[in-house]
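Novice: would you be able to build a 3D model of this:
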Amino acid sequence: MADEFPAPIDLDLRLVQCFVVVAKHRHFGRAAEALHTTQPSLSRQIRRLEQQLDVRLLDRTTRGTRLSEAGEVFLPLATGLLRSAGQAMARTRAAARPREITIGYTRGLLITPAVRALRKAEPEAEVKTRLLAWNDSRSALLEHRVDAVVTRLPFATDQLRVTVLYDEPRVLVVPLDHPLVGQESVTLDDIADEPIPHVRQSDPLLNAYWRMDPRPDGRPAPDGPLVEDLEDKHELIAAGQAVAIGPPLDHATGLHPGLTTIPLRDVEPSQVVLATRTSDRNRLVAAFRRHAEAQLRTHRSHAASASARTRLR
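Specialist: Numbering: from 1, shown residues only. Take a look at the predicted model:
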C-alpha cells in the first residue's frame, strides 16, 4: 500500500524551471532577462528550490555561475521532469479537446490539398497549420507543439509512426555564377573537391545525409565551413565559398535569390513523409493520415513542381 500511495513531493516546477534556465546561461543576470524577472527575485527562487531539495545546486564565482556536484546530477533530471510535465499537460488537454489538430510542415512542402480535405470532411474541427524549422519535426511532435508533420527524412523515428508519401530528388545548390550553372545535371564526381558546409548542432544523421558523407566510393565529403543555420549556409554559398546538396527549393520557398539548383544524377532521392506520435489516439490525426496518403501522394511539393517547370522552359 505504501508504494501505491507515495508520500507527497514538495517540488515546485516553476522553481525547477528557474534552475534549468540559470544552468543553461550560467549567469543570473542573463537568466533573469530570459525569465523576465529580476536577479534578486531569481536568487530567492533558487534558494527556495535548494531548501526544498536540502542541497546546494549553484555556486557563484567571479566569472559567473557554475553547477555544484549536486546541481550536475539534478540538471538532466530537472530537464526530463519539465519535459514530462509539459507532455502530461499537452496530452491531457488534447484528450479534452479531440476536435483540434495542429499540422506541421517544413519549408517547400505542400500540405494544402490534405488540409482542405480534412476541413471539408470535419467542418466542426479546428485545423491549424504550423511552419517548422527544417530540423525541428521530431521535437515538435514529441513536445506536442504539433500533432502531425509532413517533412523530409532522415530523423530518428522511435516513438513515431512514419508513412512515406513520395520521393523527392536531391539537387546541387550553387551560386548563380558557378561554373556548373547551365548544366542539365551533375554528378558527385563534378563536385568531388567542392567544400560542403556543416550545420552547427545539427543531428549527425542529417549532416551526413545532406553532405553525402561518406561518398558512395567510401571517401569522406570535402570539409566546408561551420554555419549556424540554413540561412547562414545559403549566404555562404551565394558568396562562392561552398556548395550544398539539398531539396528542390525555389526562391518562393526559401532559396536565397543569389542561388540556383542543378539536378543531381545517380543520387538516391530523399523521402517526404508524414510523421505522427505512435501513442496518439486523436481521431483527427488518423483522419489527416488518410487524407495525406490520398491527396499528397498524387502531388509533389511546390518547389519540385516549380523546378520541373523551369527545366522545361
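Novice: show me what contacts the residue nearest to P195 when sequence neighbours are not counted?
Specialist: Here the nearest residue to P195 in space, its sequence neighbours aside, is G224; by CB to CB, 6 or more residues apart in numbering that works out to 3.5 Å. For glycine as for every other residue, the C-beta is placed from the backbone atoms N, C-alpha and C. With contact taken as CB atoms under 8 Å, 6 or more residues apart in numbering, G224 is in contact with P195, I196, P197, H198, Q241, A242.
Novice: what about G224, distance to G258?
Specialist: 17 Å (CB to CB, to the nearest Å).
Novice: so what touches stretch 155-168?
Specialist: 135, 137-138, 141-142, 150, 152-153, 203, 205-206, 247-248, 269-279, 289, 292-293, 296-297, 300-301, 304.
Novice: from those, which would you call buried?
Specialist: 135, 137-138, 141-142, 150, 152-153, 206, 247-248, 270, 272-277, 289, 292, 296, 300-301, 304 (16 or more other CB atoms under 10 Å).
Novice: what about the residues you listed, which are in strands?
Specialist: Taking DSSP state E, the ones among the buried ones among the contacts of stretch 155-168 that sit in strands are V150, R152, S270, V272, V273, L274, A275, T276, R277.
Novice: pick out the most distant pair among these.
Specialist: S270 and R277 (22.4 Å; CB to CB).
Novice: from D203, how far off is the residue nearest the centre of the chain?
Specialist: The centroid of the chain falls nearest to D136 when counting by CA atoms, centre = their mean (0.9 Å). Applying CB to CB, the value for D136 to D203 is 11 Å.
Novice: test my guess that H198 contacts N207.
Specialist: Yes: assessed by CB atoms under 8 Å, H198 is found in contact with N207 at 6.0 Å.
Novice: show the pLDDT at the residue nearest to the centre of the chain.
Specialist: D136 is assigned 90 on the pLDDT scale.
Novice: which ones are touching it?
Specialist: With the criterion set at CB under 8 Å, 6+ apart, D136 makes contact with nothing.
Novice: distance of it from L165?
Specialist: Distance, D136 to L165, by CB to CB: 19 Å.
Novice: which parts of the stretch 201-313 of the chain are helices?
Specialist: Using DSSP state H, counting those that start in this stretch, the helices assigned to the stretch 201-313 of the chain run over residues 204-211, 230-238, 283-295, 302-312.
Novice: which other residues reach the first one?
Specialist: For helix 204-211, the external contacting residues (CB under 8 Å, 6+ apart) are 135, 154-156, 170, 196, 198-199, 213, 221, 244-246, 270.
Novice: could you point out which residue ranges in the stretch 201-313 of the chain have low pLDDT?
Specialist: 201, 299-313 (pLDDT under 70).
Novice: switch to 80 and redo it
Specialist: 201-203, 228-231, 252-254, 298-313 (pLDDT under 80).
Novice: ok, the stretch 1-150 of the chain next?
Specialist: The stretch 1-150 of the chain contains residues with pLDDT under 80 at 1-10, 61-64, 87, 90-98.
Novice: how about the strands in it?
Specialist: 58-61, 64-67, 100-106, 126-132, 148-152 (DSSP state E, counting those that start in this stretch).
Novice: what helices and strands are in contact with the second one?
Specialist: Taking 3 or more CB pairs under 8 Å, 6 or more residues apart in numbering; DSSP states H and E as the contact definition, the neighbouring helices and strands of strand 64-67 are strand 58-61.
Novice: state which helix of this protein is the longest.
Specialist: Counting residues, the longest helix in the chain under DSSP state H turns out to be helix 69-96.
Novice: how distant is it from the center of its chain?
Specialist: In terms of CA atoms, centre = their mean, to the nearest Å, the centre of helix 69-96 is found 19 Å from the chain centre.
Novice: residues of that helix that come out buried?
Specialist: Buried-residue list, helix 69-96, by 16+ other CB under 10 Å: G71, F74, L75, A78, T79, L81, R91, A94.
Novice: over to stretch 17-28?
Specialist: So for stretch 17-28, counting by 16+ other CB under 10 Å, buried means Q17, C18, F19, V20, V21, V22, A23, H25, H27, F28.
Novice: same deal with stretch 229-243?
Specialist: L230, K233, H234, L236, I237, A238, A242, V243.
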